[in-house]
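Trainee: Would you be able to build a 3D model of this:
(one chain, ligands or ions: 1)
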Amino acid sequence: MRKTNVLILTLIAVITLVFSMSCVSADGGGAASGEVVVQAEKFTEQEGGKTQFMDDRVASDRCIAYWDAEGHNLMWEVNIPKDGDYKIVLRYCHGRKALVYRSFLVDGAAPVPTLAKFGLMPTGGWGKTGNDWANYTILDEAGNPVIITLTAGTHTIKMENLGADAGERASVNFDGFGIFTPDADPNILGVPGVELE
Ligand SMILES: [Ca+2]
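Mentor: Below you'll find the predicted structure:
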């Protein structure tokens, strides 16, 4: 019996280890897979406005809304599991009629110029249907994914609201973002909705 018990416990330990290694981590934690998912609603600080947490949208847990005003900035802490190159994927939606602008700063600075200011296209709605959402990989001016190099450990992400075109409010509803290895599937963040180029 003892040998059987040891065998069973060993099997359980191995299964647990394999399962934990195959999971994508949430909330900024690192995982062996190297993919980091951060829930928008788990921001650590905000300035220049106040978001609301929405439970009635098609989102991973909740999303944030009322991220409308230029100068309303949000911060998150993320834990990068290992040194490497990463792309950034945003799960967002908005129903404005023009580009709205954001930055994506790492430890207080834009690691590449595109991340100092980039436009987010309309997705057609505010997230009440799955089709409103886009899993948007931030692209450079040539249309290639922006790739940044990060060291393992904790980093601060700050996204600034930088306004919108055509006199629109710069609103975005935001479910979460991924810091993913270059070949990772952006749809790790959720079921794909709007296709953006
Ligand atoms: Ca979320």
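
Trainee: How is the residue most central in space within the chain assigned, secondary-structure-wise?
Mentor: Centroid check for the chain by CA atoms, centre = their mean gives Phe177 as the closest residue, at 0.3 Å. Using DSSP: H, G, I helix; E, B strand; the rest coil, the structure places Phe177 in strand.

Trainee: That one pairs with what?
Mentor: Beta-bridge partners for Phe177, by DSSP bridges, are Val38, Leu90.

Trainee: Can you tell me how far it is from Ala166?
Mentor: 25 Å (CB to CB, to the nearest Å). For glycine as for every other residue, the C-beta is placed from the backbone atoms N, C-alpha and C.

Trainee: Okay, helices next: where are they in this protein?
Mentor: Along the chain, counting by DSSP state H, helices occupy 2-22.

Trainee: The residue nearest to the centre of the chain and Glu168, how far apart?
Mentor: Noted for Phe177: a distance of 22 Å to Glu168, by CB to CB.

Trainee: Equivalent analysis for Gly108, please.
Mentor: Here Gly108 is placed at a distance of 28 Å from Glu168 (CB to CB).

Trainee: Name the residue in these two with the higher neighbour count.
Mentor: More crowded of Gly108 and Glu168, by other CB atoms under 10 Å: Glu168, with 16 against 7.

Trainee: contacting residues for the more buried one?
Mentor: Going by CB atoms under 8 Å, 6 or more residues apart in numbering, Glu168 touches 96-98, 100.

Trainee: which residues does Met75 bridge with?
Mentor: Met75 has these beta-bridge partners by DSSP bridges: Glu45, Lys158.

Trainee: tally of neighbours for it?
Mentor: Neighbour count of Met75, defined by other CB under 10 Å: 15.

Trainee: The one 4 residues further on now?
Mentor: Under the neighbour criterion other CB under 10 Å, Asn79 is assigned a count of 17.
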